Each structure stands twice: as structure tokens, then as C-alpha cells.
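>>> Below is the sequence, then the predicted model.
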Amino acid sequence: MLRNFRGRSEAGARGEYPKLFRNYTDTADHPKIMVNENFQKDFCRHLIGWYHSAHRTLPWRETRNPYFIWVSEAMLQQTQVQTVIPYYGRFIETFPTLIRLADADIQDVLKIWEGLGYYSRARHLYEAARIVCRTYGGTIPDTWASFRKLPGVGDYIAAAVLSFAFRQPHAVVDGNVKRVLARIFEIDEPVNQLSAKPVYQSVAKRLLSLHEPDMFNQAVMELGALICTPKNPGCENCPMSSLCRSFQNRSVSQYPKRVESRSVPTYAVSVGMVQNAQNRFLITRRAASGLLGGLWEFPGGKIQLNETPETACLREIREEVNLKVRIVENLGTIRHAYTHFRIIASVFLATADSSEVVLNGPVDYQWVSLDQISQYPLPKATHKMVALFLSKMPIPYVIRHENHMAVQKCRNGSGSRADTVHSGQFVSHQGGQGHQRR
Ligand code: SF4
């Protein structure tokens with residue numbers, strides 16, 4: 001690509017694009033989005049040309065297998081590429097075909113997904129795989145109408161899978177794409193406002209390359225990930241700078257616009273790690289739908305007004321599993337952030353004389369030894385509670401994870417240590433001795 005002043009292309013430097021903007025006669029109904037045939041062609045040429053030379057090699061880009069692409073796109077929603085890569089590898093290794101996924105136990109699917117968050121994505125993918133097997137004989141439908149109807153398949157996933165796997169002309173619009181378009185056209189509609197979605201969808205559709213929709217979609221998302229980043233965009237090295245209004249008008253820092261989101265509340269909760277006479281811990285399974293649906297956890301809940309953490313713990317256990325327990329140790333607190341709220345959880349070790357559980361809320365329960373807990377799909381907060389418990393125990397414990405990662409607890413002489421959780425696996429940090437992973 002030819003570049004000169006401020007990274008403009010030769011064509012841009014000759015002033016063709018300002019003229020193009022002034023003579024806007026296209027059919028766009030938006031006052032700032034001016035796209036005619038020449039602009040669209042130049043946009044695709046600059047963008048796709050850059051993509052061919054600069055894109056990252058990622059495992060899901062090496063295939064046209066719609067199932068692999070679907071899995072990757074489900075994982076990539078709200079999640080960074082580097083986080084997804086190992087999860088994608090394990091998932092495809094465990095469920096190498098859609099039929100194998102459909103035949104699996106949902107608990108095994110959630111276990112592989114454990115730590116990636118947004119578990120409804122895993123449940124929907126699993127449910128959709130079963131529908132594809134039942135309705136389409138195991139072949140993923142390649143029409144928008146049929147594919148878009150499947151659980152968990154929204155506009156983004158449908159456009160991504162159909163364009164990447166089948167090269168169909170559907171424009172992908174995610175956060176990266178909206179940020180790029182907002183800056184290139186100085187679009188004032190907030191990118192995080194639902195009512196603005198048609199604006200971004202419309203301009204992406206008008207820019208889309210009909211010859212290479214797959215490359216176009218990959219390229220615009222890659223540009224947002226590598227160059228037109230949320231902070232400190234690399235405008236001087238950007239292939240789109242000659243077409244970018246905010247760059248030309250020095251208004252990049254004003255785009256994209258966002259509506260202010262509400263502050264995230266913090267809830268105080270209380271949780272009991274209840275042991276029975278056989279030293280087994282009680283875990284309960286959440287209902288399949290909703291937050292953390294299908295995952296296992298220790299009983300507990302929000303601390304109500306005028307309650308202490310201890311009384312809240314006793315009440316929650318009584319209400320959820322109808323057990324009368326005795327608190328034997330205050331293990332401390334853990335903090336965890338979900339998408340829309342945070343929790344500070346007081347964690348107690350408690351004993352129960354009886355193992356007779358009556359469920360009220362959870363849909364299943366198990367009494368498990370400490371080393372069995374990790375065989376169940378657990379939320380990250382529950383992992384943190386196990387780590388907290390391990391940090392208080394007088395003897396070494398080792399919990400081996402299904403994915404060969406482990407928790408190791410070795411109390412050192414000073415006793416100063418803390419356990420943290422990374423990507424669903426425990427990392428034990430010991431004062432002055434580095435860290436251990438398995
Ligand atoms: S020139 Fe800057 S603002 Fe415009 S698309 Fe490129 S990186 Fe984004």
C-alpha cells in the first residue's frame with residue numbers, strides 16, 4: 001500500500017475521498033455514513049490487503065469445518081482470544097465432532113467449559129448440537145433461517161459461521177467492528193446501546209465484500225483487535241487511515257461513544273462448606289437455566305439485613321438443603337466479580353450430623369470427598385472457596401483436576417501464602433518461593 005502524509009494512501013492524498021464525501025448521493029439514510037461503490041471497493045481493498053499480510057494465525061482460522069468455527073465463535077463471545085485458545089483445543093479434542101458433542105453428558109461439557117464463564121453458551125451449544133442431530137441428521141444447516149433458529153445462535157454467531165465456513169455474504173458485527181466503524185464514519189450512536197445496533201449492522205452490510213465475505217469479516221475484527229484498539233489506536237500504521245474520518249478530523253479520542261453504564265453492585269453473601277460424619281462435603285447443582293446454570297457449588301446466599309454472616313450461613317443451609325449444621329470455623333472471605341455484580345463471600349466450615357438432604361432450589365446434590373470435588377463443573381468462586389479451605393488445613397492436600405492441573409497446598413514455615421485462581425485452575429503462591437503449577 002502507498003503511504004505518505006499521516007499514513008494516507010496516494011488516492012486519499014490526492015483529495016479523492018474528501019470529494020467523495022462531499023458528493024455523497026448513496027442510498028444511506030444516515031447523515032454520516034457515506035458509502036458509494038468506489039468507497040466500498042477501496043475499503044475492502046485496503047482492509048483485506050492488510051489482513052493478508054498482518055493477521056494472526058489462530059486454530060479456528062485454519063479450517064472451514066462449521067462445527068469447529070461454531071465452537072470457536074461461541075467461546076470468543078465476551079472472551080479474549082488468548083483465553084479461548086487452550087479451551088478450544090481441549091473442547092475439540094474431547095468432542096471432535098458435533099455428534100460426539102450431542103452424545104455427551106452436559107456435565108462433561110460444562111467441565112470442559114469450566115473457567116471460561118458465560119456457561120449458557122456451553123449449554124446452548126450442546127442443546128443446538130442435539131437439535132442438529134435430531135433434525136438435520138448431524139449436518140449443520142447452511143441457511144440463515146435454519147441456523148439462526150438454533151439455541152444460542154444470534155446474529156453474530158450466524159453471520160460468523162455462515163461467512164467463515166460457507167463464505168456466505170453476512171456481515172459480522174461485534175464490539176471490535178462497531179468501534180472501527182464508529183471511528184471511520186464518526187458515528188455518534190453509542191456502541192453499547194441496543195437501539196444503535198441496526199446502524200452498525202447496516203453500514204457493515206454495505207461495506208461487506210461479496211467476493212470475500214469471510215476475509216472481510218475476519219479483517220475488520222482483526223483490525224479492531226490489533227490496530228484500532230480501544231485505547232491508543234495505531235492510526236499511524238492503520239491501513240484505513242486514508243478513509244477514516246475521525247483520523248482526518250483528529251477526533252479519534254471521541255469515538256466510539258458509549259452510554260454510561262450503571263455501577264456494579266457488590267453483595268455480601270455467606271457460604272457453608274458442610275462436612276458430614278464421613279468427612280464428605282455437600283455440593284449442590286444449580287438449575288440448568290440462569291446464571292451458572294448446571295454448575296455445582298456449596299450452599300449459601302445473600303446476607304440479609306440484621307443478619308451476621310454466621311446466621312445467614314445457617315439460614316441459607318437450612319432453607320436450601322434442610323440441614324441443621326454447626327459452624328466450626330470461619331475460613332475467611334473471597335471476592336469474585338461477575339458481569340453485573342460482585343460478591344464478597346464469607347466462607348464457613350460446618351458439620352452436619354445428618355446427611356439427609358431435602359432440596360429447595362438446587363436440583364441435585366452430592367456428598368463428595370475433597371479430591372472428588374474437582375470432577376464436577378464448578379464456578380470460579382467455588383474454586384476460590386476450596387483454595388481458601390486448603391490454605392487453612394493443617395496437612396497437605398492435593399486435588400488433581402481432570403485437565404491435569406492441580407491444586408497443591410504446602411504450608412510453609414511462616415504460613416504466609418495465598419491461593420489465587422487463573423482460568424479455572426489453582427495456582428499456589430508461596431511467600432518468597434515463586435509459584436507452583438501442575
Ligand atoms: S485510522 Fe485510527 S481510528 Fe481510524 S480506523 Fe485506523 S486505527 Fe481506527
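Received, thanks.

>>> now for the lengthiest strand in the chain, which elements pack on it?
What stands out as the longest strand in the chain, according to DSSP state E, is strand 325-337. Under the contact criterion of 3 or more CB pairs under 8 Å, 6 or more residues apart in numbering; DSSP states H and E, strand 325-337 touches strand 266-275, helix 309-321, strand 342-352, helix 380-392. Every residue, glycine included, has its C-beta placed from N, CA and C.

>>> Tell me which of these sits nearest to the ligand.
strand 342-352 (32.3 Å; CB to the nearest ligand atom).

>>> Give me the mean pLDDT for that closest one.
The average pLDDT within strand 342-352 is 96.

>>> Determine the angle, from 0 to 180 degrees, between it and helix 380-392.
Strand 342-352 runs at 60 degrees relative to helix 380-392, counting by axes from the mean of the first three to the mean of the last three CA atoms, to 10 degrees.

>>> re earlier: and the longest strand of the chain, which strands flank it?
Using DSSP bridges, strand 325-337 pairs in its sheet with strand 342-352 (antiparallel).

>>> Could you check how far the partner strand is from the centre of its chain?
Relative to the chain's own centre, strand 342-352 is displaced by 27 Å; criterion: CA atoms, centre = their mean, to the nearest Å.

>>> That one: which residues count as buried?
In terms of neighbour count (16 or more other CB atoms under 10 Å), strand 342-352 has its buried residues at Ile343, Ala345, Ser346, Val347, Phe348, Leu349, Ala350, Thr351, Ala352.

>>> Next secondary structure element downstream of that strand?
strand 364-368 (DSSP states H and E).

>>> How far does that following strand sit from its chain's centre?
Chain-centre distance of strand 364-368: 28 Å, with CA atoms, centre = their mean.

>>> Could you look up the next helix or strand downstream of that strand?
Using DSSP H and E, the helix or strand that follows strand 364-368 towards the C-terminus is helix 370-373.

>>> Go through that next one and flag the buried ones.
In helix 370-373, counting by 16+ other CB under 10 Å, buried: Leu370, Ile373.

>>> next one: stretch 196-213
For stretch 196-213, by 16+ other CB under 10 Å, it's 196, 199-204, 206-209, 212-213.

>>> Same question for stretch 172-190.
Across stretch 172-190, burial judged by 16+ other CB under 10 Å covers 172-187, 189-190.

>>> re the thing from before, tabulate the buried residues of stretch 196-213 (JSON lines), appending pLDDT.
Formatted as JSON lines, the buried residues of stretch 196-213 follow (pLDDT from 0 to 100):
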{"residue": "Ala196", "pLDDT": "88"}
{"residue": "Val199", "pLDDT": "90"}
{"residue": "Tyr200", "pLDDT": "93"}
{"residue": "Gln201", "pLDDT": "92"}
{"residue": "Ser202", "pLDDT": "91"}
{"residue": "Val203", "pLDDT": "93"}
{"residue": "Ala204", "pLDDT": "95"}
{"residue": "Arg206", "pLDDT": "93"}
{"residue": "Leu207", "pLDDT": "96"}
{"residue": "Leu208", "pLDDT": "96"}
{"residue": "Ser209", "pLDDT": "96"}
{"residue": "Glu212", "pLDDT": "97"}
{"residue": "Pro213", "pLDDT": "97"}
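
>>> can the residues you listed go into a markdown table with extra columns for secondary structure and distance to the ligand?
Shown next, in a markdown table, are these (DSSP: H, G, I helix; E, B strand; the rest coil; distance: CB to the nearest ligand atom, whole Å):
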| residue | secondary structure | distance to the ligand |
| --- | --- | --- |
| Ala196 | helix | 18 |
| Val199 | helix | 17 |
| Tyr200 | helix | 14 |
| Gln201 | helix | 19 |
| Ser202 | helix | 18 |
| Val203 | helix | 13 |
| Ala204 | helix | 14 |
| Arg206 | helix | 17 |
| Leu207 | helix | 13 |
| Leu208 | coil | 17 |
| Ser209 | coil | 17 |
| Glu212 | coil | 19 |
| Pro213 | helix | 20 |
